[in-house]
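A.B. asks: When you get a sec, could you give me coordinates for this:
(one chain, ligands or ions: 1)
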Amino acid sequence: MRFLSSFLLLMIALPTQGRLNVVATTPDLAAIAREVGGSAVNVISLARPTEDPHFVEPKPSLIVKLRDADVLIEGGAELEIGWLPALVDRAGNRKISPGGTGHIKANDGVRMLEVPTELDRSQGDIHAAGNPHYLADPQNACIVARHIEKTLCALEPQSASQFRANTDQFVHDLEAKLAFWRQTLAPFKGQTVVGYHNSWPYFAERFGLRIDLFLEPKPGLPATPTHLAEIIGQMKQRRARVIIVDRYLDRRTAEAVASRTGAKVIEVTHFPGGIKDTEKGYVALMDYLVNALAKAFAR
Ligand SMILES: [Zn+2]
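C.D. replies: Numbers count the residues shown, from 1 in each chain. Here you go, the predicted model:
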């Protein structure tokens, strides 16, 4: 009996909750949350790394994940506007709804690019918050890590020193790596890289590249022969030699353009796990991108 009661006391003394359930909309946000939370949190991503983050299938299983979440990290710049709001609504979880204690809008404090000065509806997709693909700049990954740290510390103060140490380490590693990545790409400053979709302006700015020609005529629209003829003309003029294509986009069109311009197509991703050798996390992803580009330029 005595043994039983001390056993019960022990049960009460132990934390009743398990690890914090962190749900990120995309795998890049999830990877940063894993760096910050370490073993004290459980992190999942709603979008798969090989999926187009603009068009995630709103499966019922995602609603279940949101219902069980303590924290939701969303980009905050309308990338997920086509699928996330309805899922959050149906999950009915106050903690992770906008204004809730576990809701993180990751782009707070990020200097957004391509914010329209006026909303001109003739330009196709309107992103009032600017271009949402801001995590392609490692400096922005540091800003996001600090937001996640703040929320996790507030929700689980007993692990705060661990979250702080994890984040300091991540930011420190990224800053050291960033200097190395910039050095690697420095010889190719000013070169034009052709994209399929306009999702690399932050990467371009950070590393001094020009990524301003796109195979799709407007965001979300398929390439047309007239538009491609124009792009091919500009590529020849600017001696563009590299085309980058995300996994989930149309590589065949890129190959066709490459065969007419002598350019090389390389597969890219915004997401750890989107391509082999990027599974390990955000640093592995940037390593892959920088090295793949440097190799393509130097050939
Ligand atoms: Zn986009």
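A.B. asks: quick one: contacts for Ala136?
C.D. replies: Ser199, Trp200, Tyr202, Phe203, Arg206, His270, Leu289 (CB atoms under 8 Å, 6 or more residues apart in numbering). All C-beta atoms are positioned from the backbone trio N, CA, C, and that covers glycine.
A.B. asks: Let me have these in JSON lines, extended by secondary structure and neighbour count.
C.D. replies: Listed next are those as JSON lines, based on DSSP: H, G, I helix; E, B strand; the rest coil; neighbours: other CB atoms under 10 Å:
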{"residue": "Ser199", "secondary structure": "coil", "neighbour count": "24"}
{"residue": "Trp200", "secondary structure": "coil", "neighbour count": "26"}
{"residue": "Tyr202", "secondary structure": "helix", "neighbour count": "24"}
{"residue": "Phe203", "secondary structure": "helix", "neighbour count": "26"}
{"residue": "Arg206", "secondary structure": "helix", "neighbour count": "18"}
{"residue": "His270", "secondary structure": "coil", "neighbour count": "22"}
{"residue": "Leu289", "secondary structure": "helix", "neighbour count": "23"}
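A.B. asks: Name the nearest of the residues you listed relative to Lys236.
C.D. replies: Among those, Trp200 lies closest to Lys236 (CB to CB), at 21.2 Å.
A.B. asks: Specify the local secondary structure of the residue lying closest to that closest one once chain neighbours are set aside.
C.D. replies: What sits nearest to Trp200 in space, not counting adjacent residues and going by CB to CB, 6 or more residues apart in numbering, is Ile211, at 4.4 Å. The three-state label given to Ile211 by DSSP: H, G, I helix; E, B strand; the rest coil is strand.
A.B. asks: wait, isn't Ile211 in contact with Ser199?
C.D. replies: No - Ile211 is beyond contact range of Ser199, at 9.0 Å (criterion: CB atoms under 8 Å).
A.B. asks: Any idea how far stretch 96-104 is from the middle of the chain?
C.D. replies: 19 Å (CA atoms, centre = their mean, to the nearest Å).
A.B. asks: hang on, the earlier thing: pLDDT value on the residue nearest to Trp200, please?
C.D. replies: Ile211 carries a pLDDT score of 98 in this model.
A.B. asks: How about the contacts made by it?
C.D. replies: Shown in contact with Ile211 (CB under 8 Å, 6+ apart): Thr192, Val193, Val194, Gly195, Trp200, Pro201, Phe203, Ala204, Ile244.
A.B. asks: Quick check: the gap between the fourth one and Asp70.
C.D. replies: To tie it back to what came earlier, the one meant is Gly195. As judged by CB to CB, to the nearest Å, Gly195 and Asp70 stand 36 Å apart.
A.B. asks: same question, the second one
C.D. replies: Counting by CB to CB, the gap from Val193 to Asp70 is 40 Å.
A.B. asks: With the third one instead?
C.D. replies: The spacing between Val194 and Asp70, counted by CB to CB, is 42 Å.
A.B. asks: Look at those two and report which has more neighbours.
C.D. replies: The residue with more neighbours, out of Val194 and Asp70, is Val194; 27 against 23, by other CB atoms under 10 Å.
A.B. asks: if we can go back for a sec, quick check: of the contacts of Ala136, which lies closest to Leu29?
C.D. replies: Nearest to Leu29 among the contacts of Ala136, with distances taken as CB to CB, is His270, at 10.4 Å.
A.B. asks: For the stretch 151-299 of the chain, which segments count as strands?
C.D. replies: For the stretch 151-299 of the chain, the strands defined by DSSP state E, counting those that start in this stretch cover 192-195, 210-214, 242-246, 264-268.
A.B. asks: Those into JSON lines, with extra columns for distance to Phe180?
C.D. replies: Shown next, in JSON lines, are these (distance: least, CB to CB, whole Å):
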{"stretch": "strand 192-195", "distance to Phe180": "20"}
{"stretch": "strand 210-214", "distance to Phe180": "21"}
{"stretch": "strand 242-246", "distance to Phe180": "20"}
{"stretch": "strand 264-268", "distance to Phe180": "19"}
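A.B. asks: I'd like to know which of these is closest to Thr50.
C.D. replies: Comparing those under CB to CB, the one sitting nearest is strand 242-246, at 9.4 Å.
A.B. asks: can you list contacts of the closest one?
C.D. replies: 52, 191, 193-197, 199-200, 211, 215, 251, 254, 257-258, 263-270, 274, 293, 296-297.
A.B. asks: partners of it in the sheet?
C.D. replies: Using DSSP bridges, strand 242-246 pairs in its sheet with strand 192-195 (parallel), strand 264-268 (parallel).
A.B. asks: Strand 210-214 and that strand, what's the angle between them?
C.D. replies: Strand 242-246 and strand 210-214 are oriented at 70 degrees to each other (axes from the mean of the first three to the mean of the last three CA atoms, to 10 degrees).
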